[in-house]
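Colleague: The following comprises the amino acid sequence and a computationally predicted model.
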Amino acid sequence: MNEENELMKRKIIDFCLENGILLSSEILENIDSLSSLSGFDINQLSASSQLVLDRSIFRQDEGQQGYATEKKQVSVKITNYPNKNEKPNENSPLLASDEPKAHALANEASLPYTNVDILSSYDEKPKKRDVQDFIDHFLARYKSIEKILRNRQELVNATTITRVLQRKEKESVSIIGMVTDKQLTKNENLSLKLEDPTGEINVVVNKSKPQLYALAKNITFDEVIGVVGVSSNKVIFANNIIWPDAPSRELKKCDEEVYAIFLSDMHVGSKYFMREKFERFLKWINGESGNDEQRHIAANTRYVIIAGDIVDGVGIYPNQENELDIIDIRDQYSECARLLDQIPKRMKLIICPGNHDAMRLSEPQPVFYRDLSGVLLDLENAFFVTNPAIVNLHSSKNFQGMEIMLYHGASFDYYIANIESIRFNGGYDRADLVMKFLIQRRHLAPAHNSTLYIPDPDRDPLVIDRLPDFLVTGHLHKTAVAQYKSTTLICGSCWQDITAYQLKRGHHPEPGRVPIANLKTREMKILRF
């Protein structure tokens, strides 16, 4: 009978470990002395990530030692972890008390909580748009960025363009306007046309001011800037150009060692999808490979941010079907869901779409459509946001959390082609230069034709009105990590080998690289798979 009891005891413990059910000290101490383990029905225990079994599953009979069990009187004690979806590590030791303790849930010294708050995710309902919507959209953008610029000391006294045009004598002025034209004069000076709600005016940047001239050459259409100069004959001769940019502020750091990892451009469904590399990544994130430091990072990773193009899509470019391994879009998302489901559930996934995903191209792109993405939206540890979006990670009573802006980066191609300081300094290999450029403009796609967009008459959702701690992008298939003031700039890698189209465009993809952020120190690492 002892052998039978020992076998049943082993079955109970194994079942609980496999299903994330924690046993109290009373159960462990007395399980050998149970007078009737044979009545314990394992099948009555429902698998749950929040179950702690204590002595209440047994009914004590006063006339006999130990506890007797009844099949139909199984009760459980439910205890919430800091995050209700947190599941104990299946290798965790059994708890030594009735209450679950975080330090006992995994092999690492501690298992931090997770917390994801979606701060900004576009939810405007589709409706008919007309010309007035475009006018109102640009006016809303102007007002948003004008508000930022007026915090600059040089522009506190900025006046309207109409008032400058009314002045007949030379005098120092400052204005805020949207760039509607840009060209070189016969003397190779740079001529800009600026517009505000009251009128428009020409601004000249003289080549005799080489530093200012070099900066002005990077001005793009439709961005909002401030100009300080001298007005004369209804023209402003610029002495300084002010961008909304990012103010200097203290680098925010988390109060505990927690890691976030950044992926993008999986392109599941493509013949070029690098499955072997991604499976190596899955093996690492599950703690099954890597050196001690790399395993430690995997064990303490709590957030996985994926910046778009999770599938290759269908009909994205001519003859794409010849380069697809999975030709049905629903099957692409099902396979993607199968892969992402292998990421440990203690980690929260934050996923936005990209231009290859099955939805409209116009930004902001909505959350994935359920009728096409299927089981993807059923991933229990995933948060789905629009492109772009802002989320807050790991906030608590003592920490305000890290703000992450996700933007896939469809506008990047335009600025790589049209901004000399980017094109001549690395182009597609320097996503960090593009991200820095856009933060300085406080807009993800300032030029009208740099991306398709929805003309929202109330606000421009692509304005960077709140500076994130991390700007996370993709699209270029080339990893980049940089720090610009208090914002960490991250461009994810890809999981797709180089295509014929990329060869034509001069791309140099770096597949299988994963940027990793230590939220406590803000130190960045890149793992290569």
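Modeller: Cool, the structure landed. Remember, it's a predicted structure, so these values are computed and weren't measured experimentally.

Colleague: Count the residues that sit near Phe399.
Modeller: Per other CB atoms under 10 Å, the neighbour tally for Phe399 reads 15. (Glycine included, C-beta is placed from N, CA and C.)

Colleague: where exactly do the helices run in this protein?
Modeller: 2-18, 25-30, 131-149, 161-166, 210-216, 275-285, 292-299, 329-340, 370-373, 412-418, 420-423, 431-441, 500-505 (DSSP state H).

Colleague: Please parse the chain into its domains.
Modeller: 2-104, 116-124+247-528, 152-242 (automatic domain parsing).

Colleague: For Tyr303, see how far away the residue nearest to Ser396 when sequence neighbours are not counted is.
Modeller: What sits nearest to Ser396 in space, not counting adjacent residues and going by CB to CB, 6 or more residues apart in numbering, is Asn115, at 6.8 Å. Distance, Asn115 to Tyr303, by CB to CB, to the nearest Å: 10 Å.

Colleague: Would you mind measuring from Asp309 to Cys494?
Modeller: Distance from Asp309 to Cys494, by CB to CB: 8 Å.

Colleague: Between those two, which contacts overlap?
Modeller: Taking CB atoms under 8 Å, 6 or more residues apart in numbering as the criterion, Asp309 and Cys494 both touch Ser264, Asp265, Met266, His267, Gly474.

Colleague: Next up, the contacts around the residue nearest to the last one when sequence neighbours are not counted.
Modeller: Just to be clear, that refers to Gly474. Leaving aside its sequence neighbours, Gly474 sits nearest to Ser264 (CB to CB, 6+ apart; 2.8 Å). When the contact criterion is CB under 8 Å, 6+ apart, the partners of Ser264 are 306-309, 354, 408, 472-475, 491-494.

Colleague: follow-up on the earlier one: which one of the shared contacts of Asp309 and Cys494 sits closest to Leu433?
Modeller: Set against Leu433, the nearest of these by CB to CB is Gly474 (15.7 Å).

Colleague: in stretch 362-374, what counts as buried?
Modeller: If you call a residue buried by 16 or more other CB atoms under 10 Å, then stretch 362-374 has these buried ones: Glu363, Pro364, Gln365, Pro366, Val367, Phe368, Tyr369, Leu372, Ser373, Gly374.

Colleague: Need the residues that contact it.
Modeller: Residues contacting stretch 362-374 (CB under 8 Å, 6+ apart): 121-122, 329-330, 333-334, 337, 351-354, 357-360, 376-377, 384-389, 408, 410, 444-445, 451-454, 461-462.

Colleague: Looking at these, which are in strands?
Modeller: Using DSSP state E, the members of the contacts of stretch 362-374 that fall in strands are Ser121, Ile351, Cys352, Phe384, Ala389.

Colleague: how about a markdown table for those, with pLDDT and distance to Gly290 added?
Modeller: Listed next are the ones in strands among the contacts of stretch 362-374 as a markdown table, based on pLDDT from 0 to 100; distance: CB to CB, whole Å:
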| residue | pLDDT | distance to Gly290 |
| --- | --- | --- |
| Ser121 | 91 | 34 |
| Ile351 | 97 | 24 |
| Cys352 | 97 | 28 |
| Phe384 | 96 | 29 |
| Ala389 | 97 | 31 |
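
Colleague: now for these, which pair is the farthest apart?
Modeller: Once CB to CB is applied, the ones in strands among the contacts of stretch 362-374 give Ser121 and Ile351 as the farthest pair, at 11.5 Å.

Colleague: Show me which of these two is the more surrounded one.
Modeller: Ile351 (27 against 20).

Colleague: beta partners for the closest residue to that one other than its chain neighbours?
Modeller: Using CB to CB, 6+ apart and skipping residues adjacent in sequence, the residue nearest Ile351 is Ile306, 4.5 Å away. Counting by DSSP bridges, Ile306 forms beta bridges with Leu263, Ile351.

Colleague: Around Ile306, how many other residues sit close by?
Modeller: Ile306 has 25 nearby residues by other CB under 10 Å.

Colleague: And for the one 4 residues further on?
Modeller: Using other CB under 10 Å, Ile310 has 31 other residues around it.

Colleague: Tell me which residues touch it, please.
Modeller: Met266, His267, Val268, Tyr333, Cys336, Ile351, Pro353, Gly354, Asp357, Leu376.

Colleague: swap the cut-off to 6 Å and go again
Modeller: Met266, Cys336 (CB atoms under 6 Å, 6 or more residues apart in numbering).

Colleague: Which residue is the nearest non-sequential neighbour of the residue nearest the centre of the chain?
Modeller: Nearest residue to the geometric centre of the chain (CA atoms, centre = their mean): Leu406, 3.9 Å. Excluding the flanking residues, the one nearest Leu406 by CB to CB, 6+ apart is Cys352, at 4.4 Å.
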